[in-house]
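Enquirer: coordinates only, sequence not included:
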């Protein structure tokens, strides 16, 4: 019975966000390199990190032949969205299983009201050969 009450409450929260939350968006662009070469085909994902419910995937893609990427998306939330760029790569990784993963928080000033981002955060050129705080390994993405 308790589980049923929790499920109904969670469904109610999700439904109220969909009905009464506000549209918010963000976008990011950048270039990935491994040593001094473009990092082509690297998976990048733009997330809204949530505290009480599951994270929202805003956009995903892969870098082009030059290592360039651009992502943008929107979600509906009551509170300001907390946007993070996740990068999944194998730069200088040898034959280790899974991929290296690290994230970059997008500043709140790059969150826009509405479904279309008004500003794009320029992450610049990111060197994947080094290690990053909070870096982990991810097999599922």
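Expert: Arrived safely. What you see is a predicted model, and the numbers here were worked out from it, not measured in a lab. Residues are numbered from 1 along each chain as shown.

Enquirer: So which residue is dead centre in the chain?
Expert: Among the residues of the chain, the one closest to the centroid is residue 46, at 2.4 Å (CA atoms, centre = their mean).

Enquirer: Assign that one to helix, strand or coil.
Expert: Put simply, residue 46 is strand when judged by DSSP: H, G, I helix; E, B strand; the rest coil.

Enquirer: Contact partners for it?
Expert: 26-28, 57-60, 71-73, 83-86, 106 (CB atoms under 8 Å, 6 or more residues apart in numbering). Any C-beta I mention is one placed from the backbone N, CA and C, and that applies to glycine too.

Enquirer: Looking at these, state which has the most neighbours.
Expert: residue 26 (30 neighbours; other CB atoms under 10 Å).

Enquirer: how far away is that residue from residue 62?
Expert: 19 Å (CB to CB, to the nearest Å).

Enquirer: Same check on residue 90?
Expert: On the measure of CB to CB, residue 90 and residue 62 end up 13 Å apart.

Enquirer: With neighbour numbers in mind, choose between these two.
Expert: Higher neighbour count among residue 90 and residue 62: residue 90, with 16 against 12, using other CB under 10 Å.

Enquirer: and that one, what is it in contact with?
Expert: By CB under 8 Å, 6+ apart, the neighbours of residue 90 are 99, 100.
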